[in-house]
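[1] Okay, structure incoming, though there's no sequence with it:
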């Protein structure tokens, strides 16, 4: 079930038709503990696309999620699967969102961690 939600979110982003309900369902996938590496990599990739293309909606909806989901999302952000993700661009897009929530700060801190890890490679 989670795979289909990840695929739907990816398709929505590619088509430029992202809606709030699909983002909520996608973010709920971060509570799902799968050991399938392909699904984990795909979910991670779609997460970064979502932050890049819908930063305002992402922060707004993350602010409404429970701490377990936030923790898992932050862990994913700190460990991007692909090297070709433009972490600086995503950081700046999250930074300029209108939110001033603690969640935004946690997301930005996780992006800083990912950038630091990426620079040390």
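    Thanks, I have it. Note that this is a predicted model, so its numbers are computed, not measured.
[2] rest of the way, CA atoms for contacts and neighbours
    Will do.
[3] quick one: which helix or strand includes the residue nearest the centre of the chain?
    Compute the mean C-alpha point of the chain, and by C-alpha atoms, centre = their mean the closest residue is residue 47, 3.2 Å away. Element membership for residue 47, per DSSP states H and E: helix 37-53.
[4] returning to what we had before: next one, pLDDT for the residue nearest to the centre of the chain please.
    Predicted confidence (pLDDT) at residue 47: the value is 98.
[5] swap in residue 121?
    Residue 121 is assigned 64 on the pLDDT scale.
[6] Quick one: residues in contact with stretch 61-79.
    With contact meaning C-alpha atoms under 8 Å, 6 or more residues apart in numbering, stretch 61-79 is reached by 20, 23-24, 27-28, 30-31, 44, 48, 101, 103-104, 106-107, 110-114.
[7] cool, and stretch 109-118?
    Contacts to stretch 109-118, defined as C-alpha under 8 Å, 6+ apart, come from residues 74, 75, 77, 78, 79, 80, 83, 87, 88, 91.
[8] Out of the residues you listed, which sit inside strands?
    Assigned to strands by DSSP state E, none of those qualify.
[9] Those residues, buried ones only, as a ChimeraX selection?
    Here is the ChimeraX command that selects the buried residues among those (16 or more other C-alpha atoms under 10 Å):
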select :74,75,77,78,79,80,87,91
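[10] Out of the contacts of stretch 109-118, which one has the lowest pLDDT?
    Ranked by pLDDT, those bottom out at residue 83 (79).
[11] check contacts around it.
    Listed by C-alpha under 8 Å, 6+ apart, the contact set of residue 83 reads residue 118.
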